[in-house]
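K.L.:
Everything below, folded, please.
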Amino acid sequence: MWKEIDGKLQQTFKFKDFSEAFAFMTRVALVAECQQHHPDWSNEYNKVNISLCTHDQGNAITEKDHKLAKAIDELVK
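P.N.:
Numbering: from 1, shown residues only. Okay, the predicted model is just below:
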């Protein structure tokens with residue numbers, strides 16, 4: 001579930017192993033590129049931490065962030 005923390009939408013996704021986490025990141029990258037809206041993220045073994053805000057809107061949460069968050073959620077269903 002996405003949470004608003006420090007003015008950003010944030011969520012941590014956990015997977016079976018690194019390969020699954022990396023595959024997820026690849027799918028997210030393709031969606032983000034299509035939407036022209038890119039996450040701040042990090043990977044630690046089987047975890048992917050994602051943070052969303054719109055940099056050209058003063059690092060605020062915008063509809064772009066909600067749209068990307070929804071698309072990311074669809075990737076893990």
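K.L.:
Only C-alpha atoms from now on, for both contacts and neighbour counts.
P.N.:
Fine.
K.L.:
Flag every buried residue along the longest helix along the chain.
P.N.:
Ranked by residue count and defined by DSSP state H, the top helix of the chain is helix 18-35. Within helix 18-35, the residues that qualify as buried are 18, 21-22, 24-25, 28-29, 31-32, counting by 16 or more other Cα atoms under 10 Å.
K.L.:
From the rest of the structure, what touches that helix?
P.N.:
With Cα atoms under 8 Å, 6 or more residues apart in numbering as the test, helix 18-35 has contacts from 14-15, 38-39, 43, 45-48, 68, 71-72, 75.
K.L.:
C-terminal to it, what's the next element?
P.N.:
Helices and strands here follow DSSP states H and E; after helix 18-35, the next one along the chain is strand 40-44.
K.L.:
What residues of that following strand count as buried?
P.N.:
Buried-residue list, strand 40-44, by 16+ other Cα under 10 Å: N43.
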